[in-house]
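Trainee: Sequence and predicted structure below; questions after.
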Amino acid sequence: MVSGQTQSLCEKLSSFPLGGSIRDFLNYLRVEAGLAENTILGYGRDLKSFVKFCKAEGLTGLEQVTAPLIHKYLRRLTVQNMAEASITRSLVAIKLLLRFAKHTGLLQEDFTAILEGPKLWQKLPVICNKKQVIDLLNAPVPEEPFYFRDKAMLELLYATGMRASEMGGLKLSGLNLDIGYLRCLGKGNRERVIPLGKAAIAATWEYISKLRPMLVKPYSDDYLLLSRTGRAMSRIDIWRLTKKYALRAGMPRNLTVHTLRHCFATHLLAGGADLRSVQEMLGHVDIATTQIYTHVDQERLKNVHRKYHPRP
């Protein structure tokens, strides 16, 4: 059964002719494919827009969807000035739905291979230099009531490159501060082990010993980061706090939790880390995703060229 916000989205889709197929598809993504709730919600929202378009076109079933119809829908999104990345994501959602329909016998033909979306320019991530990151890590002040928690949160984000959702789901049982590592549950419920540095270990110990016991409630479970009500901090909470301290530290206004993830990877590569190790710590399935950080660190590329090229 689909849960939470996804369930609510499925109920809203129930009035559309294709709503039942979407509901079954989203349930498949959660139960069989093991995708994260946020990913499923993203696909669900894209498909909600698509089924509205199909209803306006007079479609009553998934078997009436054709390649020309999908191309017409993509052109409609382009006219609405939707970003290329968003159009591509919508096309991916539609393709996955159609492949699911073919797999389950709702469709006789799989024509997804002929569907092409807009070609994307590779956009380099926003990166902050090491001094800026240190300013951010020092932004919480001891006089604040949640100083120890927020300090530990920022130190862990930069020390591990975890996503906001992964940080919110981190549990005490996943920490081994004596040895210096944590177990992170990432996309697709894939677990990875990430080492911790001394600063992150010290900040986490302080939070666990000095503040967390005062936040714990009977329903707190084993989650590391707790809100003032004793509940696990959500992805939105972590984003909001990171933005708050980034503005206090005078950092770019577009800084997010993901910026710290980018800094983590880029600074490791600049320090000499190999790409495979960074890939493993980030939890990337494809190393091509990690390779973007080699383009960010131009100085490192220059040094490699000077060191290894026969005619530097």
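Mentor: Arrived safely. Residues are numbered from 1 along each chain as shown.

Trainee: quick one: low-confidence parts of the stretch 151-300 of the chain?
Mentor: 295-300 (pLDDT under 70).

Trainee: Excluding chain neighbours, what is closest to I238?
Mentor: A164 (4.5 Å; CB to CB, 6 or more residues apart in numbering). From N, CA and C alone the C-beta is placed, and that goes for glycine too.

Trainee: I meant to write L106 there.
Mentor: Nearest non-adjacent residue to L106 (CB to CB, 6+ apart): L62, at 5.5 Å.

Trainee: And K210, by the same measure?
Mentor: Per CB to CB, 6+ apart, closest to K210 is F148, 5.3 Å.

Trainee: quick one: contacts for that neighbour?
Mentor: Counting by CB atoms under 8 Å, 6 or more residues apart in numbering, F148 touches 203, 206-207, 210-211.

Trainee: how is this protein carved up into domains?
Mentor: As assigned by automatic domain parsing, the chain contains the domains 4-114, 130-307.

Trainee: I'd like to know how many residues surround the residue nearest to L106.
Mentor: If you count neighbours by other CB atoms under 10 Å, L62 ends up with 20.

Trainee: and the gap between it and P142?
Mentor: Using CB to CB, to the nearest Å, L62 is found at 58 Å from P142.

Trainee: Over to L282?
Mentor: 32 Å.

Trainee: How about V133?
Mentor: Distance from V133 to P142, by CB to CB: 20 Å.

Trainee: cool, and T259?
Mentor: Separation of T259 from P142 (CB to CB) stands at 25 Å.

Trainee: Please say which of these two ends up with more neighbours.
Mentor: When T259 and P142 are compared for neighbours, T259 comes out ahead with 22 against 7, by other CB under 10 Å.

Trainee: got the contact list for P140?
Mentor: 147, 150-151, 154, 245.

Trainee: Turn these into TSV, columns for secondary structure and neighbour count.
Mentor: Formatted as TSV, those follow (DSSP: H, G, I helix; E, B strand; the rest coil; neighbours: other CB atoms under 10 Å):
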residue	secondary structure	neighbour count
Y147	helix	16
D150	helix	23
K151	helix	26
L154	helix	25
Y245	helix	20
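
Trainee: Nearest to A56, out of the residues you listed: which one, please.
Mentor: For the contacts of P140, the minimum distance to A56 (CB to CB) is 45.5 Å, reached by Y245.

Trainee: Which of the helices or strands spans the closest residue to T256 other than its chain neighbours?
Mentor: Excluding the flanking residues, the one nearest T256 by CB to CB, 6+ apart is W239, at 6.4 Å. W239 is part of helix 235-248, with elements assigned from DSSP states H and E.

Trainee: list the buried ones in the helix or strand where R30 lies?
Mentor: Using DSSP H and E, R30 sits in helix 19-31. Judged by neighbour count (16 or more other CB atoms under 10 Å), helix 19-31 contains these buried residues: 19, 21-30.
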